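>>> Mind folding the following:
(2 chains)
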Amino acid sequence: GAGVSQSPRYKVAKRGQDVALRCDPISGHVSLFWYQQALGQGPEFLTYFQNEAQLDKSGLPSDRFFAERPEGSVSTLKIQRTQQEDSAVYLCASSATGGYTEAFFGQGTRLTVV
Amino acid sequence: QKEVEQNSGPLSVPEGAIASLNCTYSDRGSQSFFWYRQYSGKSPELIMSIYSNGDKEDGRFTAQLNKASQYVSLLIRDSQPSDSATYLCAASNDYKLSFGAGTTVTVRA
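Sure thing, here's the model as predicted:
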């Protein structure tokens, strides 16, 4: 596709449920990022992949958060045992190369934990 | 203190006027700077990138960078109602983007 595609667009989870969020980056883009955006705030970095390698996961809030990109293309962000504070918009972005380059965002997944 | 600070707004400007948005950053190692536009309920859309000191113009948008002052700005000339959105400033020292909280701009007809 022409842009970064994320699914689902909306997800309502009961507290304690596991969720999986999918990101399909722009074809050929080497770098993939996950960000979390709370209401009224700018996006906060979660994790970074260069191809299939996860080079930085310093922004993941807890060990309940896990991300993978096994074949260097599609990525999944998994949240185990969701809690209310996990409610946010999860944004995926990709860029053509690593470092200093423009990143393009997907539409995001709005997660609501009830 | 956040790594990237923006004037909180909201900023209201009349149609046809210039909207001026400001941003400061704390990491002197930052090399790349970006302005994203985000409409309510939508994802951030890249509108400008700037890497060296000075001005960069693209249509009605001008980005300005002053690394010595750790300051980035965005000017929107001839503001249109369609420019009403939240503008996010981002800085990067390698691959990670650090965002400000955004400035909401309303262009009134």
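>>> partners of the closest residue to residue B:44 other than its chain neighbours in the sheet?
Once flanking residues are discounted, residue B:44 sits nearest to residue B:36: 3.7 Å by C-beta to C-beta, 6 or more residues apart in numbering or on different chains. Placement of C-beta: from N, CA and C, glycine included. Going by DSSP bridges, residue B:36 is paired in beta bridges with residue B:46, residue B:88.
>>> any idea how far residue B:36 is from residue A:67?
22 Å (C-beta to C-beta, to the nearest Å).
>>> which residue sits closest to the spatially most central residue of chain A, ignoring its sequence neighbours?
Nearest residue to the geometric centre of chain A (C-alpha atoms, centre = their mean): residue A:34, 3.3 Å. Leaving aside its chain neighbours, residue A:34 sits nearest to residue A:46 (4.2 Å; criterion: C-beta to C-beta, 6+ apart).
>>> Check the burial of residue A:60 by counting its neighbours.
Residue A:60 is flanked by 19 other residues according to other C-beta atoms under 10 Å in any protein chain shown.
>>> ugh, typo on my part, it should be residue B:26
13.
>>> How about residue A:27?
9.
>>> before we move on, what about residue B:16?
11.
>>> quick one, phi/psi of the residue of chain B found nearest chain A?
Closest residue of chain B to chain A, C-beta to the nearest C-beta: residue B:99 (3.1 Å). Phi and psi for residue B:99, reported as degrees, to the nearest 10, are phi -100, psi 150.
>>> can I assume it is in contact with residue A:36?
No: taking contacts as C-beta atoms under 8 Å, residue B:99 lies outside contact range of residue A:36: 11.0 Å.
>>> tell me, what's touching these two both at once?
Residues touching both residue B:99 and residue A:36 (C-beta atoms under 8 Å, 6 or more residues apart in numbering or on different chains) are A:43, A:44.
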